[in-house]
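>>> coordinates only, sequence not included:
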Ligand SMILES: Cc1cn([C@H]2C[C@H](O)[C@@H](COP(=O)(O)OP(=O)(O)OP(=O)(O)O)O2)c(=O)[nH]c1=O
């Protein structure tokens, strides 16, 4: 029987994949998320997504394995998860009043071959006051999220508009992922 594995510890990715009504298991891989060899943010998220999937696929070579990685890119800055509240505030100040890209790299490894892609969504933020930034950090929401915000939570109030797939911002470009899975014979 075919087996689908989501190689992720992200509760958001689990919820998104559940929307597709597919049977899957979760097996989080803990890889080193430092990458020095990537030449661009696109390459970085693709490489990390691949490593997350590969760490699981090595043990389950007959399964379909999905790995993903999300970053926020503002000008030349790649914003991952903030390490401190100060860093979260600095990230939110950068994003305030500006547009940025959210990139998610996805890797699907399967017995029928692999699919690697990067999905990009443009997000436009309203101007944020210092009070809004501090109140938001006090919710605890920013700390486990790329760019220090979750569009699906209170930071919905910061977003003027987006161009592209909303689900990509939350951590998994769902429709493209499911289409690629089907292309690989799922
Ligand atoms: C921008 C943004 C990011 N995020 C999240 C998605 C990802 O979970 C997280 C980025 O971290 P990732 O390193 O992509 O993923 P993860 O560590 O949460 O999970 P795993 O590596 O095990 O798959 O930021 C949101 O939930 N909402 C948003 O609006």
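Happy to help now that I have it. The structure presented is a predicted model; accordingly, all values stated were derived computationally and were not measured.

>>> okay, CA-based contacts and neighbour counts for the rest of this
OK.

>>> which bits of the protein sit near the ligand?
For the chain, the contact set with the ligand under CA under 6 Å from any ligand atom comprises 8-10, 28, 68-70, 145-147, 149-151, 169-171.

>>> going along the chain, name the helices of this structure.
With DSSP state H as the criterion, the chain has helices at 11-19, 41-57, 85-95, 130-138, 166-170, 174-183.

>>> show me the two of the residues of the chain next to the ligand that sit farthest apart.
Using CA to CA, the residues of the chain next to the ligand reach their maximum pairwise distance at 28 and 151, which is 23.2 Å.

>>> quick revisit: from the residues of the chain next to the ligand, which ones fall inside strands?
In strands, defined here by DSSP state E, the members of the residues of the chain next to the ligand are 68-70.

>>> which of those sits closest to residue 110?
Checking those one by one against residue 110 (CA to CA), the nearest turns out to be residue 68, at 14.8 Å.

>>> quick one: pLDDT of that closest one?
What the model reports for residue 68 is a pLDDT of 98.

>>> same question, the one 5 residues further on
We note a pLDDT of 98 for residue 73 in this prediction.

>>> likewise for residue 98?
98.

>>> ok, now residue 65?
98.

>>> for it, give me its contacts.
By CA atoms under 8 Å, 6 or more residues apart in numbering, residue 65 lies in contact with 4-7, 53-54, 56-57, 107-110.

>>> now do residue 93
Here residue 93 is in contact with 128, 133 (CA under 8 Å, 6+ apart).
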